[in-house]
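J.: I would like to see how this sequence folds:
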Amino acid sequence: MTDQPKRLDRIDIGILRQLQQDARITNADLARAVNLSTTPCFNRVRALEKLGLFKQHVTLLNPELLGLRINVFIQVRLEKQVEHALSRFEQAIAERPEVMECYLMTGDADYLLRVVMPDMQTLERFIVDHLTKIPGISNIRSSLALKQVQYKTALPLPTSGLTLPDPDGTVTEWT
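T.: Alright, predicted model coming up:
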């Protein structure tokens, strides 16, 4: 017997929305925000956690105050898009703390990286000493962000409900 998809109601969605804004919110404040008493709210949070909806709990730091003023997007093209080349590149990138995001792409570039740096000299060292040393790279193209217009960590959620998919990925219903 397979499990039925879990239906999230507006209260579940409200809990998720609140937690995305402030993961340190107290259970009492969270319960008030979604119009529940504390015990049912706590139980719902635990149920949402058991569903695997919480990827991790983090604290977002201010990069500017930490001296990380340069946000760079780097497009990388590989010589060949074969499994071992992809794996080798991904493993090398996973070891670099300045790489904040890395995406396997369609289109002209094979990968898109977002890196944060304190200055241009550090960016140069990263590209020359690390990126160019990864075997199989044929092209590197970087673009500096002049200004961060928008940055979000909260995912968009439906207004009233959502049916989560089965483990095989079927059924996604937004309302």
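
J.: A helix includes N71, no?
T.: No: using DSSP: H, G, I helix; E, B strand; the rest coil, the secondary structure at N71 is strand, not a helix.

J.: mind listing what I140 touches?
T.: 74-77, 127, 131-132 (C-beta atoms under 8 Å, 6 or more residues apart in numbering). Every residue, glycine included, has its C-beta placed from N, CA and C.

J.: Now the most centrally placed residue in the chain: closest residue in space that isn't a chain neighbour?
T.: Nearest residue to the geometric centre of the chain (C-alpha atoms, centre = their mean): T153, 7.3 Å. Distances taken as C-beta to C-beta, 6 or more residues apart in numbering put L60 closest to T153, at 6.4 Å, once the chain neighbours are dropped.

J.: how about V115, secondary structure?
T.: strand.

J.: Just list whatever residues bridge to it.
T.: V72, V99 (DSSP bridges).

J.: That one reaches I93, doesn't it?
T.: No: counting by C-beta atoms under 8 Å, I93 is not a contact partner of V115; they are 9.7 Å apart.

J.: For stretch 39-57, the averaged confidence score.
T.: Average pLDDT, stretch 39-57: 95.

J.: what's that stretch in contact with?
T.: 6, 8, 11-12, 15-16, 19, 23, 27, 30-31, 34, 36, 164.

J.: just checking, C41 is part of a strand?
T.: No: read with three-state DSSP, C41 is helix and lies in no strand.

J.: which non-adjacent residue is nearest it?
T.: Excluding the flanking residues, the one nearest C41 by C-beta to C-beta, 6+ apart is A31, at 3.7 Å.
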